[in-house]
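> Just need the structure, nothing else, for what follows:
(2 chains)
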Amino acid sequence: MSLMSDYKKFCSYRLDLRKKTILNLSRVTFFCPTTVLPLAALIKEEKPKLIPPTNSAVRAYLETVTDSSRFDKKVWNTRSYLPCVPLPNQKDKAEDILQWIYEKHDRGKKCGGENAFIYLIGELVDNIYEHSEFNRAWVVAQAYTNAGHMDICFFDNGITINGCFEKHGIKSNGGHDAIKQAVNGKSTKSEDRGYGLSSNMNMVTKGMNGQILIISGDGGMEINPEQNPQPYHLPKGYELLGTMISVRIPYPASVVNIFDYVEQ
Amino acid sequence: MILSQDLTLRHNANVLFDKIESLPEDCITIDFVNVRTMTRSFAQEYLFRKSKTPKSIIEENVSRNIRRMFDVADTVSERTRFLETEKVITFDIEQMVE
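Take a look at the predicted model:
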C-alpha cells in the first residue's frame, strides 16, 4: 500500500465517525504511522465514542499514542517495537527526546547512516518548532523488516503550511500550492532559509530511492523517485487539521552522503 | 565550552549564544570534540548569532563533516526546484473506500 492509501485509511475512519458518531476500530489489526498519527490527534481533540481494537497489542499501541502520559522512555527501552514519540511543547525539552529516537534506531545505521537519519529527523522537527505553532506533535520511525522499508512520520496539529504562509503575507493558490512553494524552498523567515524541506526531499527521493507524502490542510503532495511530484487538492473529508510528512525509505538503506543533496 | 554530539534545533544555537553572551569573558573557545552531526538549520543560526555577537569566538576540534556543514550554511546556493508537477488531483468523498 502507498503512503497515500495509508492516509486515506485515516480519512475513512474519520468519515465513519462523522456518519455513525462512533469510531469503531474493533477490527483493526495493524496501524501504520501515516494512519495512526492523525487518528490519535482526532481522538485527543474530539474524544469520540470509541470501540477500541480487539487485538490487545494494537489497542495498547493506540492507547500509548493517544495518552502521552503513558509514554515513558524507561518502559519503551525494554520493548521490541517502538512508540510514536510525542514532541514536548517546550523547545528546551526536545533535545532529550530526539537523542532517545536516534539511539533507539542505532543512530540511523540501517537508515542511510547517522548523518542522513539525524539530518532528516532534525530538520523536519525543527520546522515543526519554528513554523507550526502546534500543541500536539509526534514523530515515529518504524522499520518493517519483512516488508523491506521504514516509515518515518512527522505530525503536528498546527496552523498548516498554507496557514503559515498566509500569516506572513505569502500568497498561494491553496494548500497544494503552498506545499509546492515550501518544497521549492520558500521560507516565511528570510531568503537565506528554506533549505531543510527541499534538501530532505532531494535526499530521500534521489539519495535513498524513497517516497514522501506531505499532507497539510487542504493540500497534499506525493513525491516518488523518477517521477514528477503529484499535487492533491483535498476537499472536506480528506483535509487535515495540521501537517503530516511521511517518508518511506528502503530498509536497510545504505549510507547516504548528505552533502550530495544539502549543497544543492 | 564543550558541545553535545548532535546539534539539531535552531533554538539550541540561540540557547548556546545566550549562554556565551552571559559570560564575562570577551573571548570564548567552543570545543566541537564530541560533535558528530549538525543540521543546516543549526549551522545557519549559529553563524548568524556569531556574526552579531561582540564576543570573539574560537572553534576547536571541528571535524571535516561539521566544517563542511558550516560552509554549506554560509553559502546561499540555488535550491533544487521541483518545477514540473503533475496536474492537481482532487479526491471525491463519494469514492472513499470504507
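> so where's chain A uncertain?
Counting by pLDDT under 70, the ranges of chain A that qualify are A:68-83, A:189-194, A:263-264.
> helices or strands next to the longest strand seen in it in the packing?
In chain A, with assignment by DSSP state E, the single longest strand is strand A:240-250. For strand A:240-250, the packing partners by 3 or more Cβ pairs under 8 Å, 6 or more residues apart in numbering or on different chains; DSSP states H and E come out as helix A:3-20, helix A:33-46, strand A:149-156, strand A:211-217. Using the backbone N, CA and C atoms, a C-beta is placed for each residue, glycine as well.
> where do the helices sit along chain B?
Assigned by DSSP state H, chain B shows helices spanning B:10-22, B:40-52, B:64-73.
> And the helices and strands packed on strand A:240-250: which comes nearest B:Glu25?
strand A:149-156 (39.4 Å; Cβ to Cβ).
> Run the chain-centre distance for that closest one.
Chain-centre distance of strand A:149-156: 4 Å, with Cα atoms, centre = their mean, to the nearest Å.
> Please see if that strand touches chain B.
No. Applying Cβ under 8 Å from any Cβ of the partner chain, one finds strand A:149-156 out of contact with chain B, separated by at least 13.6 Å.
> one step back: could you export the helices and strands packed on strand A:240-250 as TSV, including mean neighbour count?
Below are those laid out as TSV (neighbours: other Cβ atoms under 10 Å in any protein chain shown):
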stretch	mean neighbour count
helix A:3-20	18
helix A:33-46	22
strand A:149-156	25
strand A:211-217	25
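> Let's have these in CSV, adding distance to A:Leu124.
Converted to CSV, the helices and strands packed on strand A:240-250 look like this (distance: least, Cβ to Cβ, whole Å):
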stretch, distance to A:Leu124
helix A:3-20, 15
helix A:33-46, 13
strand A:149-156, 5
strand A:211-217, 10
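> Select, out of the ones you listed, the one closest to B:Arg10.
When the helices and strands packed on strand A:240-250 are compared by Cβ to Cβ, strand A:149-156 sits nearest B:Arg10, at 16.2 Å.
> counting contacts, what elements does that closest one pack onto?
In terms of contacts (3+ Cβ pairs under 8 Å, 6+ apart), strand A:149-156 is packed against helix A:33-46, helix A:114-127, strand A:137-144, strand A:240-250.
> what angle do that strand and helix A:114-127 make?
Strand A:149-156 runs at 20 degrees relative to helix A:114-127, counting by axes from the mean of the first three to the mean of the last three Cα atoms, to 10 degrees.
> Which neighbours in the sheet does strand A:149-156 have, and how are they oriented?
Sheet pairing for strand A:149-156, assigned by DSSP bridges, gives strand A:137-144 (antiparallel), strand A:240-250 (antiparallel).
> Give me the pLDDT for the residue nearest to the spatial centre of chain B.
Closest to where the C-alpha atoms of chain B average out (Cα atoms, centre = their mean) is B:Phe42, at 1.8 Å. The model reports B:Phe42 with a pLDDT of 95.
> Specify the local secondary structure of A:Thr54.
Counting by DSSP: H, G, I helix; E, B strand; the rest coil, the backbone at A:Thr54 sits in coil.
> and it, backbone torsions?
phi -70, psi -40 (degrees, to the nearest 10).
> quick one on the thing from earlier: nearest residue to the residue nearest to the centre of chain B other than its sequence neighbours?
B:Leu7 (4.4 Å; Cβ to Cβ, 6 or more residues apart in numbering or on different chains).
> By mean pLDDT, which helix or strand of chain B comes out lowest?
Lowest by mean pLDDT, DSSP states H and E among the helices and strands of chain B is strand B:89-90, with a mean of 92.
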